[in-house]
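Q: what shape does this take:
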Amino acid sequence: MASGMEISLDELVKRFGGEVVGQGAHRVDGLAPLDKAGPAQLAFLANQKYLPQVETTRAGAVLISPADLDKLARRDGGNFIVTPNPYAYFARVAQAFIDLAAPKAVPGVHPNAYVDPAAKVAASAVIGPHVTVEAGAVIGERVKLDAGVVVGRGAKLGDDVHLYPNVTVYHGCKLGARVIVHAGAVIGADGFGFAPDFVGEGEARTGTWVKIPQVGAVDIANDVEIGANTTIDRGAMVDTVIEESVKIDNLVQIGHNCRIGAYTVIAGCAGIAGSTTIGRHCMIGGAVGIAGHVTLANYVIVTAQSGVSKSLMKAGMYTSAFPAVPHADWNKSAAMVRNLDKLRDRIKALETALAELEGGQDGA
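A: This is a model prediction of the structure:
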């Protein structure tokens, strides 16, 4: 990844911390993997199995931890930025290069956008084509609304929010500073709330579902990122809450009245039913399903495709999904599972017979 802009190692350290080992004046203009980087690029080592590549790389400099630097058999002539977490350092430097290369957005409202006169939009905001900002909405400093975004009445967007094309933020929802929402996501649609009003049984059953008004909203804290086509439902009577620095992947469904704790990450296609509380620093794998009205403690990890039907009140890793196996093996396992009830009955019968036999011997 080349940015077209050069920066010295000393400048990077001044901005992001760490220590230069080698020539601090050496300049780089982008990042690349160890085996592909050239003299003008910065590489990083985050996995020890690639340690031999550090000794042969052509990279202008390598981000490396102190422990891994000490393990190098040869480092003469190399340039390094030494940091405890090279992977996180790489991410920050990558952001800086993207910022340097990206064209600067021009503040203002596109002629094809509609901004209600009763909305409050910061002069530094960038309002793209076919955007709608309804009455009472508040748009903070340097907010960027891409084409087709809809911001409902009374919604509030904090400073430096970026909504990608066709994002919809319903009325009354709040997004904190630096929130990123990717294309097609919907924030604040009605929660799935319906009261059954049926009488009778079978074919004689009559009645209908009665919609429960969803009068809460969605409250999203600072530094949250939400993936494409994800949906976060508004609360029924209280807000759905997403705490600071939560990262949510594409195609995730979060039901009404949920609370997602700070720094939690949720991978794609996960579904979280209403009134569920997820703690801080949790990791929810792809396609996980979480039932409603359960609680996950802080530091819980749920692996991909698992189902959670009850609260998990201790930190740790939880799995309920069956790992992939050859089809014939799966058929054998499934057959055994189907016959477990018969096996249980046989064991009970044997236990009963054994108890009777032992009782007879005692009385002899």
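Q: quick one: low-confidence parts of the chain?
A: 1-4, 361-364 (pLDDT under 70).
Q: residue boundaries of the helices in it?
A: 9-16, 51-56, 66-71, 86-101, 327-338, 340-363 (DSSP state H).
Q: tally of neighbours for the closest residue to Gly148 other than its chain neighbours?
A: Closest residue in space to Gly148, ignoring its immediate chain neighbours: Asn166 at 4.2 Å, by CB to CB, 6 or more residues apart in numbering. Where C-beta positions appear, they are placed from N, C-alpha and C, glycine not excepted. Neighbour count of Asn166, defined by other CB atoms under 10 Å: 18.
Q: the helices of the chain: which one's closest to Ile242?
A: Ile242 lies closest, by CB to CB, to one member of those: helix 86-101, at 21.3 Å.
Q: for the spatially most central residue of the chain, list each beta-bridge partner.
A: In the chain, the residue lying closest to the centroid (CA atoms, centre = their mean) is Ile248, at 2.5 Å. Beta-bridge partners for Ile248, by DSSP bridges, are Ile226, Ile266.
Q: for it, give its distance to Val308.
A: 17 Å (CB to CB, to the nearest Å).
Q: circling back to that earlier point, pretty sure the residue nearest to the centre of the chain sits against Ile266.
A: Yes: contact criterion CB atoms under 8 Å: Ile248 and Ile266 qualify, at 4.8 Å.
Q: so what's in contact with these two at the same time?
A: Common neighbours of Ile248 and Ile266 are listed as Ile254, Ile260 (criterion: CB atoms under 8 Å, 6 or more residues apart in numbering).
Q: could you report the neighbour count for His327?
A: For His327, using other CB under 10 Å, the count is 8.
Q: contact partners for it?
A: Contacts of His327 by CB under 8 Å, 6+ apart: none found.
Q: how is the chain divided into domains?
A: 2-101, 109-318, 327-363 (automatic domain parsing).
Q: how far off centre is the shortest one?
A: If I follow you right, that is domain 327-363. Chain-centre distance of domain 327-363: 45 Å, with CA atoms, centre = their mean, to the nearest Å.
Q: let's have the chain start at 75 instead
A: Right, with 75 as the first residue, what we last looked at is domain 401-437.
Q: okay, buried residues for it please.
A: Buried residues in domain 401-437, defined by neighbour count with 16 or more other CB atoms under 10 Å: none.
Q: dump the residue contacts of the residue lying closest to Lys388 once chain neighbours are set aside.
A: Nearest in space to Lys388, with sequence neighbours left out and distances taken as CB to CB, 6+ apart, is Ala371 at 6.0 Å. For Ala371, the contacting residues are Gly353, Leu386, Met387, Lys388, Ala389, by CB under 8 Å, 6+ apart.
Q: cutoff 10 Å now
A: Residues in contact with Ala371 (CB atoms under 10 Å, 6 or more residues apart in numbering) are Gly335, Thr351, Ile352, Gly353, Arg354, Cys356, Ser385, Leu386, Met387, Lys388, Ala389, Gly390.
Q: neighbour-wise, which of those residues leads?
A: Ile352 (27 neighbours).
Q: ok, it to Ile346 distance?
A: Counting by CB to CB - Ile352 and Ile346 are separated by 7 Å.
Q: ditto for Lys248
A: From Lys248 to Ile346 the distance is 20 Å (CB to CB).
Q: which one of these two has more residues nearby?
A: Taking neighbours as other CB under 10 Å, Lys248 and Ile346 compare with Ile346 leading, 26 against 21.
Q: that one touches Gly381, doesn't it?
A: No: Ile346 is not in contact with Gly381 according to CB atoms under 10 Å; the separation is 11.9 Å.
Q: need the overlap of contacts for the two.
A: Joint contacts of Ile346 and Gly381 (CB under 10 Å, 6+ apart) are Val362, Gly363, Ile364, Ala365.
Q: for the third one, what are its contacts?
A: Residues near Ile364 by CB under 10 Å, 6+ apart: 328-329, 332, 340, 344-347, 350, 352, 358, 370, 376, 380-383, 386.
Q: okay, and the beta partners of it?
A: Going by DSSP bridges, Ile364 forms beta bridges with Ile346, Val382.
Q: and it, how close does it get to Gly433?
A: From Ile364 over to Gly433 (counting by CB to CB), the distance is 49 Å.
Q: same thing with the second one?
A: Look at Gly363 and Gly433: by CB to CB, they are 49 Å apart.
Q: burial check on the residue nearest to Gly353 when sequence neighbours are not counted, number of neighbours?
A: Setting aside the residues directly before and after it, Gly353 is nearest to Asn372 in space (CB to CB, 6+ apart), at 3.7 Å. Residues lying near Asn372 (other CB under 10 Å) number 15.
Q: roughly how far apart are Asn372 and Arg149?
A: 40 Å.
Q: for Ala291, same thing?
A: For Ala291 relative to Arg149 (CB to CB), the value is 55 Å.
Q: now swap in Ala229 and tell me
A: In terms of CB to CB, Ala229 sits 54 Å off from Arg149.
Q: hmm, back to that, Gly353 versus the residue nearest to Lys388, what's the distance?
A: 5 Å.
Q: give me the common contacts of those two.
A: Common neighbours of Ala371 and Gly353 (CB under 10 Å, 6+ apart) are Gly335, Leu386, Met387, Ala389.
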